[in-house]
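1. just need the structure, nothing else, for what follows:
(one chain, ligands or ions: 1)
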Amino acid sequence: MSYQQYNPYTPAPDRYNKMIYRRSGRSGLKLPIISLGLWHNFGDITTFGVQQKILRAAFDNGITHFDLANNYGPPAGEAERNFGEHLKRDWRPYRDELVISTKAGFGMWRGPYGDHGSRKYLIASLDQSLRRMNLEYVDIFYHHRPDDETPIEETMGALYDIVKSGKALYAGISNYNPEQTKRAIRCMKEMGMHMLIHQPNYNMFNRSIENGLTDVVAEEGVGIMAFAPLAGGRLTGRYLNGIPEDSRASHDPRFLRASDISEELLKTVRALNAVAERRGQTLAQLALVWTLRDPVVTSALIGASKPEQVVENVKALENMTLTEEELNEIDTILANR
Ligand SMILES: NC(=O)c1ccc[n+]([C@@H]2O[C@H](COP(=O)([O-])OP(=O)(O)OC[C@H]3O[C@@H](n4cnc5c(N)ncnc54)[C@H](OP(=O)(O)O)[C@@H]3O)[C@@H](O)[C@H]2O)c1
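-> Alright, predicted model coming up:
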């Protein structure tokens, strides 16, 4: 990655008027209801200048939370390395205004210690992440996916010790099912620590968290960081008129392929888009409002390939109310797909 010339940054003074902040469960930490993830578009296939514009647009609109993981890139680790460079250039004076998270849980390095949920892996991985970002601590450290082969006491014990060491301020879990979530939260509680947040996939196309997970976290006072609320771009206007060359399905088909944009999908997307248009919103904005309709969801964790997308998405806050009729219509559209 070649870095562009220094280009000084002064954040928008009115940034905190543009965002709503929700408390993560029964914790002291408030998070912006829209957060920005660096899974795509922050590796070596996106220019440093575009990354910088996206991050600046986010913070200028009150997005104070940036989500990373050890393996984000490509190549794995590159998003953290680039983010470290952005921190150095733009964010040093604002570190205390930011909530930065990272994770470990998927395969990161060769051999038996670079994957899953052992204490050995989690502690080493966080140390690597901190070095890549040149940070002393992250705000939230997540176990990225459940690992039934490692005792939950070991994985949660590692998160507990990481928080106690000061290398992370809060602990979280991601992709755990309701039963695994309950065990993880209780295990932390027995050690005297509160689980801050759970990061599951949640959007109109994947409502699985409504089958038990939201009940568990609501009861335990744990927040939800709903990842991919736009279903990787499918719940936006992106594919309504074909597959643009600069879209994820076209240029980065690791997780979304052109063949996923089927006529059947588009039929549903067009119907949802009609609901959005009647509300005077874009489909992306409607998808975000829908994801955030239950206050158990602390934040909708979006991705973006352009600063304009961030700006458009934050404007969803201008109309956050969904009527009973609109909710029923959306349910019907989704049930018929
Ligand atoms: N914990 C986990 O296991 C896990 C897994 C996946 C993701 N995540 C987290 O969730 C974050 C978000 O994931 P995601 O990027 O898949 O989320 P997403 O918000 O569902 O999709 C983002 C994509 O939607 C498109 N988009 C965004 N705003 C748009 C707008 N206003 N109009 C048109 N298109 C728009 C862009 O696609 P184009 O690139 O085509 O422009 C963008 O890259 C990740 O960065 C990561 O932090 C976590």
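
2. now name the helix or strand holding the spatially most central residue of the chain.
-> Central residue of the chain (Cα atoms, centre = their mean): L301, 3.4 Å from the mean position. Using DSSP states H and E, L301 sits within strand 297-302.

3. what strands line up against that strand, and which way round?
-> strand 34-37 (parallel), strand 223-227 (parallel) (DSSP bridges).

4. deepest-packed of the ones you listed, please.
-> Stretch with highest mean neighbour count among the strands paired with strand 297-302: strand 223-227 (a mean of 25; mean count of other Cβ atoms under 10 Å). The way it works is simple: take the backbone N, C-alpha and C, and place the C-beta from them, glycine included.

5. so where is the stretch 51-200 of the chain shaky, pLDDT-wise?
-> Of all residues in the stretch 51-200 of the chain, none has pLDDT under 70.

6. and the strands in it?
-> Residue ranges of the strands in the stretch 51-200 of the chain, as given by DSSP state E, counting those that start in this stretch, are 65-67, 99-104, 138-143, 168-174, 197-199.

7. how distant is the first one from the center of its chain?
-> If I follow you right, that is strand 65-67. Centre-to-centre, strand 65-67 and its host chain are 7 Å apart (Cα atoms, centre = their mean, to the nearest Å).

8. what's the answer for the last one, then?
-> In this view, strand 197-199 has its centroid 10 Å away from the chain centroid, taken as Cα atoms, centre = their mean.

9. C-terminal to it, what's the next element?
-> helix 213-220.

10. angle of that next one against strand 297-302?
-> For helix 213-220 against strand 297-302, the angle between stretch directions is 130 degrees (axes from the mean of the first three to the mean of the last three Cα atoms, to 10 degrees).

11. count of neighbours near R238?
-> Residue crowding around R238 was assessed by other Cβ atoms under 10 Å; the count is 23.

12. show me what from the protein comes close to the ligand.
-> By Cβ under 6 Å from any ligand atom, the residues of the chain that approach the ligand are 37-40, 67, 144, 174-175, 199, 227-233, 236-238, 247-248, 284, 301-305, 309, 312-313.

13. swap the cut-off to 5 Å and go again
-> Neighbours of the ligand within the chain, by Cβ under 5 Å from any ligand atom: 37, 39, 67, 174, 199, 227-228, 230, 232-233, 236, 238, 247-248, 284, 301-303, 305, 309, 312.

14. for PyMOL, what selects the buried ones among the residues you listed?
-> Buried residues among those (16 or more other Cβ atoms under 10 Å), as a PyMOL selection:
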select buried, resi 37+39+67+174+199+227+228+230+232+233+236+238+247+248+284+301+302+303+305+309+312
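
15. is whichever residue of the stretch 1-150 of the chain sits closest to the ligand in a bridge, and if so with what?
-> Ranked by Cβ to the nearest ligand atom, the top residue of the stretch 1-150 of the chain for proximity to the ligand is G37, at 2.1 Å. Beta-bridge pairing for G37 (DSSP bridges): D67.

16. my read: it touches P229, true?
-> No - using Cβ atoms under 8 Å, G37 makes no contact with P229, being 10.3 Å away.

17. identify the contacts common to those two.
-> Shared contacts of G37 and P229 (Cβ atoms under 8 Å, 6 or more residues apart in numbering): 301-302.

18. thinking again about what came up before, can you tell which of the strands of the stretch 51-200 of the chain is closest to G28?
-> Within the strands of the stretch 51-200 of the chain, the stretch nearest G28 is strand 168-174; the backing value is 9.6 Å (Cβ to Cβ).

19. the closest one vs strand 223-227, what angle?
-> On the basis of the same axes, to 10 degrees, strand 168-174 is oriented at 60 degrees to strand 223-227.

20. what's the burial count for R186?
-> So R186, with other Cβ under 10 Å, has 13 neighbours.

21. so what's it up against?
-> Counting by Cβ under 8 Å, 6+ apart, there are no residues that R186 touches.

22. what's the spacing between it and I152?
-> Using Cβ to Cβ, to the nearest Å, R186 is found at 9 Å from I152.

23. again, but for N134
-> Counting by Cβ to Cβ - N134 and I152 are separated by 32 Å.

24. surely L31 touches H65?
-> Yes - using Cβ under 8 Å, L31 is in contact with H65, at 5.3 Å.

25. shared neighbours, the two?
-> By Cβ under 8 Å, 6+ apart, L31 and H65 have these common neighbours: 99, 299.

26. good, wrapping up.
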